[in-house]
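Asks: Let's see this in three dimensions:
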Amino acid sequence: MTHDIYPCLWFDGTAKEAAGLYLKAFKDSKITADTPMVVTFELGGQKFIGLNGGPLFSPNPSVSFYVVCETASEVEQAWATLSEAGTVLMPLDAYPWSEQYGWVQDKFGVSWQLALGKLEEVGQKFTPTLMFTGQQAGKAEEAIRFYTSIFDNSSIVGILKYDARDQDVEGTVKHAQFKLGQQVFMAMDSSHPHAFGFNEGISLVIPCDTQAEIDYYWEKLTEGGQESQCGWLKDRYGVSWQVVPAMLGELMSDPEKAPRVTRAFMQMTKFDIQQLIDA
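Replies: Next comes the predicted model:
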């Protein structure tokens, strides 16, 4: 895997407005590409894309972003920006794991766990965090072992389990960190009643250099899951992934070729690189 996996956030026409909010919340951030359909931006050097996909899906807290803030003022600035017209899931306060932590869902539906801490403790500023709820509750550890078996150079950093004193099912995952390639991800189980679960509102994008790579990830991740269209799939736990050619952005930036490339991939389930080039 030569490219980093990056998150795709689904919006109903508000991708650029949302990106603007995130640039205000987090320093060292910028918009790197802006089209009516897709806005690409970097937060602290990490890539995100906002997709104007329409009203069909919206993000929810089953996937959130754990953010390491190195100063109290950074936490407070991000909190003030993201909580405006948003929903507080856990108030900004001192907790056993961080002297300043809060979990907020912004007005666009994207959820952020802001924590005062040191960057080297996690290794990156923004970490996608998967919360296994409903029928998936209790499957976090199994999912972590599944994901780390698929991606090269993956590892499980640590798994902390609920014990008898916790307010959840003993033995399931309270907090876990794992690496896919060089990137850190987090996961947890929650058996409490939640009105949300994994959906297309937030997907993870795997850029691939070759057709063999596309075929490999597609086959592994759809095993027990389901194929969608245009390179989208759901794995056996309901997490949405996009397996895409790394060169897609380049093909789409050619104004003469882009409409033909778009027509070609709209017909596809799994991406076929050669067909896109031939378009």
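Asks: Are we agreed that residue 8 is in a strand?
Replies: Yes: counting by DSSP: H, G, I helix; E, B strand; the rest coil, residue 8 falls inside a strand.
Asks: For residue 30, grab the count of nearby residues.
Replies: By the measure other C-beta atoms under 10 Å, the count of residues near residue 30 is 11. All C-beta spots, glycine's among them, are computed from the backbone N, C-alpha and C.
Asks: is it in a bridge, and if so with what?
Replies: Beta-bridge partners recorded for residue 30 (DSSP bridges): residue 42.
Asks: what's the distance between it and residue 45?
Replies: 10 Å (C-beta to C-beta, to the nearest Å).
Asks: Helices of the stretch 151-279 of the chain, residue ranges please.
Replies: Applying DSSP state H, counting those that start in this stretch to the stretch 151-279 of the chain gives helices spanning 211-222, 248-252, 258-266, 273-278.
Asks: Can you give the distance of the third one from its chain's centre?
Replies: Taking C-alpha atoms, centre = their mean, to the nearest Å, one finds the center of helix 258-266 at 25 Å from the center of the full chain.
Asks: go on, the first one?
Replies: In terms of C-alpha atoms, centre = their mean, the gap separating the centre of helix 211-222 from the centre of its chain is 19 Å.
Asks: do the shortest one as well
Replies: Distance of helix 248-252 from its chain centroid, counting by C-alpha atoms, centre = their mean, is 22 Å.
Asks: buried stuff in it?
Replies: Residues of helix 248-252 classed as buried: 248, 251, 252 (neighbour count, 16 or more other C-beta atoms under 10 Å).
Asks: Now the last one: closest residue in space that isn't a chain neighbour?
Replies: Okay, so that is residue 252. residue 258 (4.9 Å; C-beta to C-beta, 6 or more residues apart in numbering).
Asks: Need the per-residue pLDDT for the residue nearest to residue 157 when sequence neighbours are not counted.
Replies: Excluding its sequence neighbours, the residue lying closest to residue 157 (C-beta to C-beta, 6+ apart) is residue 177, at 3.9 Å. With respect to pLDDT, residue 177 scores 98.
Asks: Dump the buried residues of helix 248-252 into a markdown table; add pLDDT and distance to residue 147 as well.
Replies: As requested, these are exported to a markdown table (pLDDT from 0 to 100; distance: C-beta to C-beta, whole Å):
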| residue | pLDDT | distance to residue 147 |
| --- | --- | --- |
| 248 | 90 | 23 |
| 251 | 85 | 29 |
| 252 | 83 | 28 |
